[in-house]
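In: sequence-free structure coming up:
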């Protein structure tokens, strides 16, 4: 069993609450999944010759795929051994933050529009001349159900963002994610592609700004923690 972290620093004040240690190998596997899956889907849509009918779905998939590469760079730089600096100690947390907000969120925004268009597209099947297109119905909203476990993941304390911002701010950010994804989906269903681009762009830019702030905040917290709670080896050297 791993020992519990100290909660009080050498100055008698509470230490920053950092995320728990996470297995970098698990997150490295997630990088592969988040790179290949959306990247393959984006190439499939472009190959089909119908990218305009899918709105910004292709762009969102490409953002998710490219972000997974960046997350892999962070996770690959993780080190907790002797000689590790402040940045290397937060690399896995930083990579997980990139995956959670810049890979998962764009996929969640793209999937509802993708499934709706696939239902009436010639991408997978031909269409008889006399066939009548069925109404989308409630079934078109089923892919959006994936938002529910994501919200639970974020708001119940599993997400990395939970350790970076206060709880009220975490709620505001995740409610904004939900609203923008719903707004993007509704704009796609109504064919309002200009509004879809605006909502999708705000979503991605908001996630990028949150990730930028989160990584810098994690580094600041790690520096504060190391200064006020130095490793035992450093303490022994000081005593000698």
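Out: Received, thanks. Everything numeric here is computed off the predicted structure, so don't read it as measured data.
In: got any ranges where this structure has weak pLDDT?
Out: 1-3, 46-55, 81-84, 116-144, 231-240 (pLDDT under 70).
In: Helices of that one, start to end?
Out: 24-48, 57-76, 86-89, 91-98, 105-120, 147-155, 167-189, 193-228, 232-239 (DSSP state H).
In: Between those, which one is closest to residue 9.
Out: helix 193-228 (3.2 Å; Cβ to Cβ). Glycine gets a C-beta too; all of them are placed from N, C-alpha and C.
In: how far off helix 167-189 does that closest one point, in degrees?
Out: Calculated by axes from the mean of the first three to the mean of the last three Cα atoms, to 10 degrees, helix 193-228 forms an angle of 160 degrees with helix 167-189.
In: which strands and helices sit next to helix 193-228?
Out: Packing partners of helix 193-228 (3 or more Cβ pairs under 8 Å, 6 or more residues apart in numbering; DSSP states H and E): helix 57-76, helix 86-89, helix 91-98, helix 105-120, helix 167-189.
In: Now render these as a markdown table, adding mean neighbour count and distance to residue 201.
Out: Formatted as a markdown table, the helices and strands packed on helix 193-228 follow (neighbours: other Cβ atoms under 10 Å; distance: least, Cβ to Cβ, whole Å):
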| stretch | mean neighbour count | distance to residue 201 |
| --- | --- | --- |
| helix 57-76 | 22 | 9 |
| helix 86-89 | 17 | 30 |
| helix 91-98 | 26 | 19 |
| helix 105-120 | 22 | 11 |
| helix 167-189 | 17 | 10 |
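In: Throw these into TSV and include distance to residue 228, thanks.
Out: TSV is the format used below for the helices and strands packed on helix 193-228 (distance: least, Cβ to Cβ, whole Å):
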stretch	distance to residue 228
helix 57-76	25
helix 86-89	13
helix 91-98	19
helix 105-120	34
helix 167-189	24
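In: between those helices, which gets nearest to residue 160?
Out: helix 91-98 (4.5 Å).
In: now that closest one, how far from the chain's geometric center?
Out: 10 Å (Cα atoms, centre = their mean, to the nearest Å).
In: Are there helices or strands packed against that helix, and which ones?
Out: Against helix 91-98 (3+ Cβ pairs under 8 Å, 6+ apart) you get helix 24-48, helix 57-76, helix 193-228.
In: contacting residues for the closest residue to residue 181 other than its chain neighbours?
Out: Nearest non-adjacent residue to residue 181, counting by Cβ to Cβ, 6 or more residues apart in numbering: residue 109, 4.7 Å away. Residue 109 makes contact with 60, 180, 181, 184, 185, 200, 203 under the criterion Cβ atoms under 8 Å, 6 or more residues apart in numbering.
In: rerun at 7 Å
Out: 60, 181, 184, 200, 203 (Cβ atoms under 7 Å, 6 or more residues apart in numbering).
In: so the last one touches residue 180, yeah?
Out: Yes - with contact taken as Cβ atoms under 7 Å, residue 203 and residue 180 are classed as touching, separated by 4.3 Å.
In: Phi and psi next, for residue 158.
Out: Main-chain torsions, residue 158, degrees, to the nearest 10: phi -80, psi -30.
In: And the residue nearest to it when sequence neighbours are not counted, how close does it get to residue 27?
Out: Among residues not flanking residue 158 along the chain, residue 152 sits closest, at 7.8 Å (Cβ to Cβ, 6+ apart). As for residue 152, its distance to residue 27 is 20 Å (criterion: Cβ to Cβ, to the nearest Å).
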